[in-house]
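*Asks:* Okay, sequence plus prediction incoming.
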Amino acid sequence: MIDKNSKVILDVKGLKTYFKTDAGIVKAVDGIDFTVHQGETLGIVGESGCGKSVTNLSVMRLIQSPPGKTVAGEVMFQETDLLKISEAEMRNVRGNKISMIFQDPMTSLNPFLKISTQMIETIRLHEKNVSKAEALSRSIEMLKKVGIPGAEKRIFCYPHQFSGGMRQRVMIAMALSCNANLLIADEPTTALDVTIQAQILELIQKVNVEMKTAVILITHDLGVVAGMCDNVCVMYAGKIVEKAPTDKIYKFPAHPYTEGLIQSVPRMDKSGEKGKLFSIEGQPPNVIDLPPCCAFHPRCHKAIEGLCSRCNPPTHMLDEDHEVTCWLYGTDQEKSAALKEADARQASKEASK
Amino acid sequence: MAKYVIKRLLGIIPTMFIIITLSFFIVRVAPGGPFDGEKVLPEVVKRNIEAKYHMDEPLLKQYGRYILGILEGDLGPSYKYKDHDVNYFIGNSLPNSMILGTIAMCLAVLFGVTFGILAAVNQNSWVDYLSMGLAVIGISIPLFVICPVLQLVFAMKLHWLPTSGWFKSGDSWATVVLPSVALSFSYFANIARLMRSSMLETLRSDYIRTAKAKGMKRSTIIFKHAMKGALLPIVSYLGPAFAGIITGSVVVEQVFRVPGLGKFFVQSSFNRDYTLIVGVVLVYSMILVAMNFIVDVVYSFLDPRISYQ
Amino acid sequence: MKFTDRFKKQIHDREEMHKLNKAGRNGAKNEFNQTVQGNSLSKDAWRRLRKNKAAVVGMCVVILYAIISLCAGILPIYSYEEIIIDHQYLPPSLTKTAGELMLKRQLSEMYATSWRQGRLSVTEEEDAMLNNWITLDDTNKVWNWCYEEGEKQRAAGTYVFSASEQKKYDRLQDSIKNDIQVTINSVRWVNPENGKSYKLDNLDYDTLVSIYAKALGGIDEQKVRTSLETGVNSQIQTEVKTKNSESELTAEDIQSLVAMEKDSLGEDGVQAKEKSLAVDNINVLIQNAMTKQIKQEIKAGTNKEFPYKDTETLFDDINFKVEASLKNSRRYILGTDNLGRDLLSRIIYGGRISILIGIVGTITSLFIGIIMGSLAGYFGGRVDYYIMRFVDVLYGLPYMLLVIICMAIFGTNILNLFFALAMVSWLTIARMVRGQIMSLKNQEYIEAARSMGAGGWRIIFRHLVPNSLSVIIVYSTLRVPEFIMQESFLSFLGLGVQAPLASWGSLIGDSTQGMTKYPWRLVYPAIVMTLFLFSMNFFGDGLRDAFDPQSKNML
């Protein structure tokens, strides 16, 4: 467990990233806040397309523009707003202070360059005074650390000569070769076999503990989160719907969506009644042009008729570190105010027609 | 690797064999013969001439004789020009065509790749629109329009460059410029378009995102990480492009009076000069096949994923 | 093929779209109570196409070309094959008539000659300038300059025509004012026995001979027959001579060559030649007679309005339409060629042929390609193997060269051209269709069709081909310009369309002689052709991007 008083290294506030498409504006990330402390492992969970990857690419300023653009918010990293610094300064942050591991190790390594080239260039990019030989020996060491057998020889191989798990190890070694303060792991195990998955996660955990690197772990697998993370953010349709320490979220899931997610994980210890598994009905919505409402209400079994479908839900602190955005916890006062607002909106809409 | 090369080389033999056989019989099936257009000869003389060229023998025997000749490197006598054989004509004109084609190819690749990268890197800027506009023009203007227009503008109106001729026949070096520029234009256009799109696709790929996440400079990313992958489609385009350059040289050589192989092609077809036609087809196909082979080998060097084990 | 792979996904998407579309038309609501607008693939593509300005402009230009080519027959343009030798090499002009241009040319020539003779007074510098132009081969500049200078001096009275020049000048002025061009159209012979009318070409030899004899003033038919025979003989003789212009032939050689040629034509062939000669001669007779008649009428003081159109009868039973106009009041907007034919109409008719070849060629190659490709793709196995190996071998050939051989050896006519081009152009389409069909044939709806007992051909043509259609359509739009280029390439080499027909390629090919003196003959066809190819390429690119946005600007 991390120390609550340890330094905050990443503080994201009101981040909004929109994409312009033929069909309209996609609000992939629509105003989210979260913080990462030194040495913390933060999990970001959600279905595919809910904006978890975009969130982290926005932090790294790697959104393709056009069509994407981070339109609002601030990303404070070690007292600087990453969204305001120049591109050259940002390059110095990338790979050096914040590094990333991507989902698909098969395509994330350059197939035309040897592993040695790719690793050495990363080191020499951020530490100009390191010689090539030195960088090579450091790379080999890194590879050994992430558990690649025969690293001295294999470093001169091309990526396609490695298996998927090995490639992901190489990616991790590369990401850590500059002693980054923050490691963003974007679904690092999705493309891998189950047995390899555990090894890779263990490796990330080891890194987290040994090197005191903070980790943001993006995943859609709640099992992974339970085993690895200190805190969890649950995302749905570009917004964070629940944020809490891992044990709290598992014990008292507040948001119906979180509840659904947890129940839909098959568990060996609680083989469900007659082997039936819970599932959330329907599909995540298309985030183009959403009306002001809870985006989850069509799939929610606890939705409040006439309220969830008309008004944006408020955010509540259930506990000092447990935050949820849902009408279930709204006060009556809030509800009536929101309904009034929704009526007014509708009236003006009809009037304009 | 060596095994692969040998296998590929062996594969060339049947292709060439089919090409030779096809062209040998097609030209002979057609009506008319090489001696039709000349003086009407007394039967005896005609028969003597035909005997000299073994044309009195059955077709299959002629074919066998021809194949044997090719194996010895002899493409046979020309039926129309009695003083020389086919080897002489090809030996004299092929180097000129090759020089022209190679220069044109180099120009096309050099400018095509440069413009393509510029366009891709500055996507949707005026650089992009300019180079792609130029490329569409290059694709749309046929070779036989470019040739006379270049000649008209740069040689006849502006007098910057010689109208026609060839440096090997004693004219100035500048004679190379117009024909090779004309010949390279549409290939430049195709390569530029291909390069742009493949560069854009590469820049969108995951490993480029990784390189960005490592904090690399844009220029380094483009030249060190994206270049190799983006060049692959260009390399595989070069094979067919060379075929096109060969065909195109027929027009260029005609307009600019370059003493190349293209001239013989049309002429010998009209003259029914059987051996010369088949000889020229043979040489062209050889170049084509060799070019495809080289392209494959180069491709395998560029892309480490292709292995021959 | 990358192109094909990309479409695989798209076909799948399309099916999804169709499902959505069904719901959308009825104004379906989504889970958020929003009305979802349905959107079909073609609607979507059209929307994207409209956004692409270059493609829309390209499409409009292509449509314009198509309309002009279709309406070439009713456009107010001169005939594309009417040869007026007096009008050869007239430069393009919007305002001046042919007569004025001829006069200008005559005058510049006269002034230039008198400059050489020293009768036109020029300063030393001007003299040097003119000589410099001549060494640079810029005769046009010399003529223009001489014309302007001469006119100036003549107006000032410092230059006077010599007697012969004055005579030439007067004669030209006279002919410009009075020369008439008579055109004879739709000549028909009316059978006096039953009153039916026939086209001359469709008559049999004997009738034709009798008509010809009558037209000549009722001479002996046998004489007509012999004259036709000698006429055809000399025709063949000239043909033989031009064919063998390189080798020196004795009269005897020519005799035997003509005999050989006649043998190979056969009796029917010779008679056909005699027939067409007779038809031509009758037409000439009619034209001469009409010209004479109209001239006489003018002399006699009959006031005729030009252009003048009428239907006349000559030699008792030949009907025809006659059109007469003042020959030298014609206007050639784009100039004329070496035989005095109107370049504008040649470009229009040439475009008609080029575009026709482009379209028909594409359709033919599509037809072969679709059949071969779908056979290979659907049946797979051995069929696939052999078809694809065949395609591979053909790919290895320098195919344009094969086309050149075919055209040179089997003769240059449009049919051969189609055949040769179609033979080599179906390869890519076959590969593409094969790839498409291989990817489609394992989908459920094909399984369903098969389970319901549909046969192979039915599945291919009712299910598989229609589903690959968007790929095929996009590809064929890009194919048309290529075809036009290939046809023009052959015509440029003299292996394609033959005179008097024209195509863009042959116009450009003809123009390369005398390029500096008559640049318009090169420039206008080149511009027209390039513009068309340009628009067609933009349109095709736009269409592909519209149907498949992922492939933006792929080759």
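*Replies:* Thanks, I have the structure now. Numbering: from 1, shown residues only, chains lettered A, B, ... in the order given.
*Asks:* Give me the below-cutoff pLDDT ranges for the stretch 51-200 of chain B.
*Replies:* Nowhere does the stretch 51-200 of chain B drop to pLDDT under 70.
*Asks:* got the residues of it near chain C?
*Replies:* Contact residues (C-beta under 8 Å from any C-beta of the partner chain) of the stretch 51-200 of chain B with chain C: B:132, B:136-137, B:139-145, B:148-149, B:151-152, B:156-157, B:159, B:190, B:193-194, B:196-197, B:200. C-betas here are computed from N, CA, C, even on glycine.
*Asks:* What remains of those residues if I keep only buried residues?
*Replies:* Buried subset of those (neighbour count, 16 or more other C-beta atoms under 10 Å in any protein chain shown): B:132, B:136-137, B:139-145, B:148-149, B:151-152, B:156, B:190, B:193-194, B:196-197, B:200.
*Asks:* Do any residues in the one helix or strand residue A:18 maps to lie close to chain B?
*Replies:* Assessed by DSSP states H and E, residue A:18 sits inside strand A:8-20. No: Strand A:8-20 stays clear of chain B (C-beta under 8 Å from any C-beta), getting no nearer than 13.1 Å.
*Asks:* in that strand, what's buried?
*Replies:* Those would be A:9-12, A:15-19, for strand A:8-20 by 16+ other C-beta under 10 Å.
*Asks:* can you put these in JSON lines and add pLDDT and distance to chain C?
*Replies:* Putting the buried residues of strand A:8-20 into JSON lines (pLDDT from 0 to 100; distance: C-beta to the nearest C-beta, whole Å) gives the following:
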{"residue": "A:9", "pLDDT": "86", "distance to chain C": "38"}
{"residue": "A:10", "pLDDT": "87", "distance to chain C": "33"}
{"residue": "A:11", "pLDDT": "88", "distance to chain C": "33"}
{"residue": "A:12", "pLDDT": "88", "distance to chain C": "27"}
{"residue": "A:15", "pLDDT": "87", "distance to chain C": "24"}
{"residue": "A:16", "pLDDT": "88", "distance to chain C": "20"}
{"residue": "A:17", "pLDDT": "87", "distance to chain C": "21"}
{"residue": "A:18", "pLDDT": "87", "distance to chain C": "19"}
{"residue": "A:19", "pLDDT": "85", "distance to chain C": "15"}
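*Asks:* out of those residues, which one sits closest to residue C:487?
*Replies:* The nearest member of those to residue C:487, counting by C-beta to C-beta, is residue A:19 at 46.4 Å.
*Asks:* Identify the bridge partners of the closest one.
*Replies:* Per DSSP bridges, residues listed as beta-bridge partners of residue A:19: residue A:26, residue A:68.
*Asks:* Quick check, it in contact with residue A:49.
*Replies:* No: if you go by C-beta atoms under 8 Å, residue A:19 and residue A:49 don't touch, sitting 11.9 Å apart.
*Asks:* So the one residue in the stretch 51-200 of chain C that gets nearest to chain B versus residue B:163, what's the distance?
*Replies:* The stretch 51-200 of chain C approaches chain B most closely through residue C:136 (6.5 Å), counting by C-beta to the nearest C-beta. If you measure residue C:136 against residue B:163 using C-beta to C-beta, to the nearest Å, the figure is 12 Å.
*Asks:* mind listing which of the residues of the stretch 51-200 of chain B next to chain C are in helices?
*Replies:* B:132, B:136-137, B:139-140, B:143-145, B:148-149, B:190, B:193-194, B:196-197, B:200 (DSSP state H).
*Asks:* Report the two of those residues separated the most.
*Replies:* Farthest pair in these (C-beta to C-beta) is B:148 and B:200. Separation: 35.6 Å.
*Asks:* element containing the residue nearest the centre of chain A?
*Replies:* For chain A, the residue nearest the mean C-alpha position is residue A:218 (3.5 Å; C-alpha atoms, centre = their mean). Element membership for residue A:218 (DSSP H and E) is strand A:214-219.
*Asks:* Could you name the helices and strands sitting against that strand?
*Replies:* Secondary-structure packing of strand A:214-219 (3 or more C-beta pairs under 8 Å, 6 or more residues apart in numbering or on different chains; DSSP states H and E): strand A:8-20, strand A:25-37, strand A:41-45, helix A:52-59, strand A:182-186, helix A:194-210, helix A:222-228.
*Asks:* For the fourth one, enumerate the helices and strands it packs against.
*Replies:* Contact partners of helix A:52-59 among helices and strands, from 3+ C-beta pairs under 8 Å, 6+ apart: strand A:8-20, strand A:25-37, strand A:41-45, strand A:68-77, strand A:182-186, strand A:214-219.
*Asks:* Make a markdown table out of the ones you listed and add distance to residue C:521.
*Replies:* Putting the helices and strands packed on helix A:52-59 into a markdown table (distance: least, C-beta to C-beta, whole Å) gives the following:
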| stretch | distance to residue C:521 |
| --- | --- |
| strand A:8-20 | 51 |
| strand A:25-37 | 56 |
| strand A:41-45 | 72 |
| strand A:68-77 | 55 |
| strand A:182-186 | 65 |
| strand A:214-219 | 69 |
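*Asks:* from the stretch 51-200 of chain C, which residue is nearest to chain A?
*Replies:* Closest point on the stretch 51-200 of chain C to chain A, by C-beta to the nearest C-beta, is residue C:51, at 8.9 Å.
*Asks:* residues contacting that residue?
*Replies:* With C-beta atoms under 8 Å, 6 or more residues apart in numbering or on different chains as the criterion, no residue contacts residue C:51.
*Asks:* go with 10 Å
*Replies:* A:22, C:542, C:545-546 (C-beta atoms under 10 Å, 6 or more residues apart in numbering or on different chains).
*Asks:* Among the residues you listed, find me the one that's closest to residue B:271.
*Replies:* Nearest member of these to residue B:271, counting by C-beta to C-beta, is residue C:542, at 46.2 Å.
*Asks:* follow-up on the earlier one: what's the angle between the strand holding residue A:18 and strand A:182-186?
*Replies:* Angle, strand A:8-20 to strand A:182-186, by axes from the mean of the first three to the mean of the last three C-alpha atoms, to 10 degrees: 40 degrees.
*Asks:* list the helices and strands strand A:8-20 packs on?
*Replies:* Packing contacts for strand A:8-20, counted by 3 or more C-beta pairs under 10 Å, 6 or more residues apart in numbering or on different chains; DSSP states H and E, involve strand A:25-37, helix A:52-59, strand A:68-77, strand A:182-186, strand A:214-219.
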